[in-house]
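[1] I need the structure of the sequence given here:
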Amino acid sequence: MLTVENLTCGYGDIKAVHDLSFAVGTGEIFAMLGANGAGKTSTIMCLAGHVAAMSGSVSLNGTTITNQPAQARVGHGMALVPEGRRVFAELSVEENLVVGGHTVGGPELTANLERIFGHFPRLAERKTQAAGSLSGGEQQMLAIGRALMANPQLVLIDELSLGLMPKAIDACYEVLQALKADGLSILLVEQNTTRVLDIADQVIVLESGVKSWEGTGADADGNAALLEAYLGTAG
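    Sure, this is the predicted structure:
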């Protein structure tokens with residue numbers, strides 16, 4: 001689905017990520033972990049087209065998208081759920097979703113709305129409510145739903161559980177597992193290590209912009225030294 005080869009990216013002359021390579025398979029939950037400042041958000045924003053690649057390549061379903069603008073990547077099947085959710089506060093829940101589905105129309109748009117409301121009944125209850133008045137968990141649901149409206153094959157999610165209550169985290173993770181069962185690929189940046197390792201197929205750990213570990217979610221979950229050294233937990 002996604003292939004990243006020797007990717008270096010950053011801001012101006014500052015390199016935030018160095019020579020990074022990994023691959024995300026179809027229908028796979030791929031977790032990118034690491035401490036604050038490790039380069040996780042820089043990587044995901046580069047993949048989405050919001051941070052320029054300095055070298056290396058990114059391909060999606062065999063198509064090289066390294067230098068394509070963000071909107072073109074949506075057309076290739078990639079969608080982003082950014083850190084901090086970034087919903088359109090003054091628009092309603094339904095209007096936010098319609099914005100996310102701007103690349104589809106007619107019956108497909110209607111069907112996608114119904115599908116999102118099926119995944120997130122709370123959004124259906126609040127579809128006429130201003131997005132800015134939602135709780136943090138509801139806004140995260142909306143951000144995920146907005147990304148799904150474009151019928152992506154790969155969703156990039158930056159800091160899913162940041163600042164959310166446990167019930168909201170549970171709801172979001174349940175939806176991720178349902179989406180995976182439907183064949184969607186998910187690249188997940190997360191600091192909630194315990195929760196993400198329960199569902200991740202593959203994991204990479206970044207340290208100072210460099211890949212320091214790679215393996216399965218089960219291997220990471222059982223590696224106490226890794227968890228303590230890089231992820232700030234003993235399991």
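[2] what about residue 128, neighbour count?
    9 (other Cβ atoms under 10 Å). Placement of C-beta: from N, CA and C, glycine included.
[3] element containing it?
    Using DSSP states H and E, residue 128 is not contained in any helix or strand.
[4] and it, what pLDDT?
    With respect to pLDDT, residue 128 has a value of 95.
[5] can you point out the buried residues in stretch 5-22?
    Burial within stretch 5-22, assessed by neighbour count using 16 or more other Cβ atoms under 10 Å, is assigned to 7-10, 15-18, 20, 22.
[6] also stretch 186-197?
    Going by neighbour count (16+ other Cβ under 10 Å), the buried part of stretch 186-197 is 186-193, 195-197.
[7] which one of the residues you listed is nearest to residue 110?
    Taking Cβ to Cβ as the measure, residue 110 sits nearest to residue 186 out of those, at 24.8 Å.
[8] which SSE is that closest one in?
    Using DSSP H and E, residue 186 sits within strand 185-189.
[9] right, and the helix or strand after that strand?
    From strand 185-189, the next helix or strand downstream (DSSP H and E) is helix 193-197.
[10] alpha carbons only: can I get that next one in CSV?
    Only the C-alpha atoms of helix 193-197 are listed here, as CSV (Å, rounded to 0.1, in the frame of the first residue of the first chain):
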residue,chain,number,x,y,z
THR,A,193,1.7,2.9,23.9
THR,A,194,-0.3,0.3,25.8
ARG,A,195,-3.4,0.8,23.8
VAL,A,196,-1.8,1.0,20.3
LEU,A,197,0.2,-2.2,20.8
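[11] quick one: list the elements packing against it.
    Identification of packing neighbours for helix 193-197 by 3 or more Cβ pairs under 8 Å, 6 or more residues apart in numbering; DSSP states H and E yields strand 29-33, helix 217-221.
[12] rerun at 6 Å
    For helix 193-197, the elements it packs on are helix 217-221, judged by 3 or more Cβ pairs under 6 Å, 6 or more residues apart in numbering; DSSP states H and E.
[13] for the helix it packs on, buried residues please.
    Under the neighbour-count criterion of 16+ other Cβ under 10 Å, helix 217-221 has 217, 220-221 buried.
[14] make sure residue 58 is actually in contact with residue 64.
    No: checked against Cβ atoms under 6 Å, the pair residue 58 and residue 64 is beyond contact range at 7.3 Å.
[15] neighbour count for those two, which is higher?
    Between residue 58 and residue 64, residue 58 has the larger neighbour count (other Cβ under 10 Å), namely 23 against 11.
[16] what sits against that one?
    With contact set as Cβ atoms under 6 Å, 6 or more residues apart in numbering, residue 58 has these partners: 4, 47, 65-66.
[17] could you work out the most separated pair of those residues?
    Pairwise distances across those peak at 10.7 Å for 4 and 65 (criterion: Cβ to Cβ).
[18] tell me the SS of the spatially most central residue of the chain?
    Nearest to the mean C-alpha position of the chain, counting by Cα atoms, centre = their mean, stands residue 157 at 1.4 Å. Under DSSP: H, G, I helix; E, B strand; the rest coil, the three-state class of residue 157 is strand.
[19] kindly report the same for residue 111.
    Residue 111 ends up helix, using three-state DSSP.
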